[in-house]
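**Student:** Provided below for reference: sequence and predicted model.
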There are 2 protein chains.
Amino acid sequence: MLSEAGQSSEFSPRQNAVLEQALRLLVDGGEKALTTSGVARAANCSKESLYKWFGDRDGLLSAMITYQASKVRTFERNGERLTAASLHDHLVVFSRDLLEVLAGDVSLALNRLAIGQSNRDGSKLGKLLLERGRRQIDRRASGLIDAGKRAGLLRFLDADEAYHTLYGLIVSDLHVRMLLGEPGLKDTSRQAERAVTAFLKLYGTEKVLAEAAATV
Amino acid sequence: MLSEAGQSSEFSPRQNAVLEQALRLLVDGGEKALTTSGVARAANCSKESLYKWFGDRDGLLSAMITYQASKVRTFERNGERLTAASLHDHLVVFSRDLLEVLAGDVSLALNRLAIGQSNRDGSKLGKLLLERGRRQIDRRASGLIDAGKRAGLLRFLDADEAYHTLYGLIVSDLHVRMLLGEPGLKDTSRQAERAVTAFLKLYGTEKVLAEAAATV
DNA sequence: CACGAACCGTACCGTACGGTACTCATTTAA
DNA sequence: TTAAATGAGTACCGTACGGTACGGTTCGTG
């Protein structure tokens, strides 16, 4: 626990700057543009330092993922009694945030990178990306859903199943389409609203449904 | 129309055999293993023939996608009066088929390939994959949903929205997880059942809900 | 039979990458 | 002040790929 807690000092500031440049190269030109020489040139460092710091190219890729994950922080829900309206609003905000994260340049680039490497041997990149990149958002959603259940606003047996349903309603095939390069997928607001409405229709108790009917 | 209709003779039998070997190489070893020399060796043809037939490496990749898409055929729903039970069953079968297709070796490999190339310039691979690979399954689902509406079993305003909801309920984040290489994602049966139940709860008319309550 | 087209197998070329080694400048510590 | 350490910049090596060229072989056709 404690040994893992120091994620803020996982790399030195110099190394963080190098990783930042590496991410920029990856976002701009894809994996093909992410060469060790290119990173060294862009970051004004030597290749020898790259190999000393990160071991090899795969180590650099892993470091890029953990570095990017360390930059994304999401608030943890705590306290605050939930009402039907506030639950709805929090769900909508969560949906918008999720879509915004998934549509981000760096997120897409890293997902493409990990997916491209996923059929090679070992390649823990996919696993790393799921663990480091998703844990935050998963915890936030789970906390929200559990709070909704405790407040008598949601009803379900398996919280994980409910969360995956919410995820599917929000994202649908948007993530894969964006990964495939489809342009013009930016109407996230309506999508988020629709997903939350459907989710509440599926898992909301009478309390939520009554309020929803009243507000409409 | 007619000029596009001859998809069965898009490539010669010899070329199809070559593309088959190329797909096998891609599935086994990922994009890195898909070299022109490797394809030529595996298919017992010369590199010169490869370049004569497909132009360059990108042409080969495109040909692999169109060839694979030409192999996947799905039945078109027609006639046959729908009941609540048959609609449910057809939806479940569709869900299982969709998950099975997405989890297929070749599908995953081609999606990984297209995603990996999607941040390069031009790269029409993603567009090609979406158009050729999704049209069949999209049409089948749309037909089914429309038939459900005509039979008074489903209610919705936007058929496309309803279909995307169904897709999200079925697939959730399974596709991306599989693309990232996560193992052991094979409990498609329960997932399909749950998705259809949720979909009918969202879009089913009283007729469907009554029968669902009766069967439970 | 003769001829040409198609094609296989292989050798070849230019390039670019991952990784290593070496030099030289700057910093740090005693 | 000086010696050790750090790291930038560069040159280098082996390899492997995309793409092309060429000799030899099969096969269909007049």
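**Tutor:** Received, thanks.

**Student:** Surely A:K47 touches A:T36?
**Tutor:** Yes. Counting by C-beta atoms under 8 Å, A:K47 touches A:T36, with 5.5 Å between them. Just so you know, the C-beta spots here come from the backbone N, C-alpha and C atoms, and that holds for glycine as well.

**Student:** and chain A, which of its residues are near DNA strand C?
**Tutor:** Chain A has residues A:L34, A:T35, A:T36, A:S37, A:G38, A:S46, A:K47, A:E48, A:Y51, A:D56, A:R57 near DNA strand C, with proximity defined as C-beta under 7 Å from any atom of the strand.

**Student:** Can you tell me the closest non-neighbouring residue to the first one?
**Tutor:** In space, not counting the residues next to it along the chain, A:L34 is nearest to A:L26; the distance is 4.9 Å by C-beta to C-beta, 6 or more residues apart in numbering or on different chains.

**Student:** What ranges does chain A have for its helices?
**Tutor:** A:2-5, A:13-29, A:36-43, A:47-54, A:57-71, A:84-102, A:105-117, A:125-150, A:159-171, A:174-179, A:188-203, A:206-215 (DSSP state H).

**Student:** In chain A, what helix or strand scores lowest on average pLDDT?
**Tutor:** In chain A, no helix or strand scores lower on mean pLDDT, DSSP states H and E than helix A:2-5, which sits at a mean of 34.

**Student:** when you scan stretch A:22-34, is anything in it near DNA strand D?
**Tutor:** No. Judged by C-beta under 7 Å from any atom of the strand, stretch A:22-34 stays clear of DNA strand D, getting no closer than 11.1 Å.

**Student:** Excluding its own residues, what touches that stretch? List them.
**Tutor:** A:38-39, A:42-43, A:60, A:64, A:67-68, A:105-106, A:109-110, A:112-113, A:116, B:116, B:119-120 (C-beta atoms under 8 Å, 6 or more residues apart in numbering or on different chains).

**Student:** hang on, the earlier thing: could you export the helices of chain A as TSV, including mean neighbour count and distance to B:T74?
**Tutor:** Shown next, in TSV, are the helices of chain A (neighbours: other C-beta atoms under 10 Å in any protein chain shown; distance: least, C-beta to C-beta, whole Å):
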stretch	mean neighbour count	distance to B:T74
helix A:2-5	6	48
helix A:13-29	18	37
helix A:36-43	17	44
helix A:47-54	15	46
helix A:57-71	18	37
helix A:84-102	19	29
helix A:105-117	22	26
helix A:125-150	18	29
helix A:159-171	21	22
helix A:174-179	22	19
helix A:188-203	19	26
helix A:206-215	13	37
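
**Student:** ranking these by mean pLDDT, which is last?
**Tutor:** Of all the helices of chain A, helix A:2-5 carries the lowest average pLDDT, namely a mean of 34.

**Student:** Tell me how far A:L61 lies from B:V106.
**Tutor:** 26 Å (C-beta to C-beta, to the nearest Å).

**Student:** same question but for A:S172, I mixed them up
**Tutor:** 23 Å.

**Student:** Report the contact partners of the closest residue in space to A:G116 that isn't next to it in sequence.
**Tutor:** Nearest non-adjacent residue to A:G116, counting by C-beta to C-beta, 6+ apart: B:G116, 3.4 Å away. Shown in contact with B:G116 (C-beta under 8 Å, 6+ apart): A:E31, A:R112, A:I115, A:G116, B:E31.

**Student:** what do you get if the cut-off is 10 Å, keeping everything else the same?
**Tutor:** A:30-32, A:112-113, A:115-119, A:179, B:30-31, B:123, B:125 (C-beta atoms under 10 Å, 6 or more residues apart in numbering or on different chains).

**Student:** okay, now the residue nearest to A:R155 when sequence neighbours are not counted: neighbour count?
**Tutor:** In this structure, A:R155 finds its nearest non-sequential neighbour in A:T205, 5.1 Å apart by C-beta to C-beta, 6+ apart. The number of residues packed near A:T205 is 16, by other C-beta atoms under 10 Å in any protein chain shown.

**Student:** Show the pLDDT at A:T205.
**Tutor:** 96.

**Student:** That one contacts A:G152, correct?
**Tutor:** Yes. Counting by C-beta atoms under 10 Å, A:T205 touches A:G152, with 6.0 Å between them.

**Student:** residues bridging contact with the two, i.e. touching both?
**Tutor:** With C-beta under 10 Å, 6+ apart, A:T205 and A:G152 have common neighbours A:A84.

**Student:** Tell me the spacing between A:Y203 and DNA strand C.
**Tutor:** With distances taken as C-beta to the nearest atom of the strand, to the nearest Å, A:Y203 is found 47 Å from DNA strand C.

**Student:** before we move on, the earlier item: now for the residues of chain A next to DNA strand C: which two are most distant?
**Tutor:** A:L34 and A:E48 (18.1 Å; C-beta to C-beta).

**Student:** Enumerate the residues of chain A near DNA strand D.
**Tutor:** Near DNA strand D, when you scan chain A using C-beta under 7 Å from any atom of the strand, you find A:R14, A:A40, A:N44, A:C45, A:S46, A:K47, A:E48, A:S49, A:K52.

**Student:** Next, the contact list for the third one, please.
**Tutor:** Right, the one you point to is A:N44. A:N44 sits next to A:A17, A:V18, A:Q21 when contact means C-beta under 10 Å, 6+ apart.

**Student:** Try it again at 7 Å.
**Tutor:** The contact partners of A:N44, by C-beta atoms under 7 Å, 6 or more residues apart in numbering or on different chains, come to none.

**Student:** Tell me the pLDDT of it.
**Tutor:** 95.

**Student:** and A:M1, what pLDDT?
**Tutor:** So, for A:M1, pLDDT stands at 32.

**Student:** and what of A:S12?
**Tutor:** On the pLDDT scale, A:S12 gets 87.

**Student:** how far away is it from A:K186?
**Tutor:** A:S12 is 37 Å from A:K186, by C-beta to C-beta.

**Student:** what does A:G168 give?
**Tutor:** A:G168 is 20 Å from A:K186, by C-beta to C-beta.

**Student:** A:E211 now?
**Tutor:** Taken as C-beta to C-beta, the span from A:E211 to A:K186 is 30 Å.

**Student:** Equivalent analysis for A:D158, please.
**Tutor:** Taking C-beta to C-beta, one finds A:D158 at 33 Å from A:K186.

**Student:** repeat for A:A85
**Tutor:** 27 Å.

**Student:** Check A:A43 too.
**Tutor:** For A:A43, the distance to A:K186 - C-beta to C-beta - is 31 Å.

**Student:** before we move on, what about A:T83?
**Tutor:** From A:T83 to A:K186 the distance is 31 Å (C-beta to C-beta).

**Student:** Give me the more crowded residue out of those two.
**Tutor:** Shown here are A:T83 and A:K186; by other C-beta under 10 Å, A:T83 has more neighbours (14 against 11).
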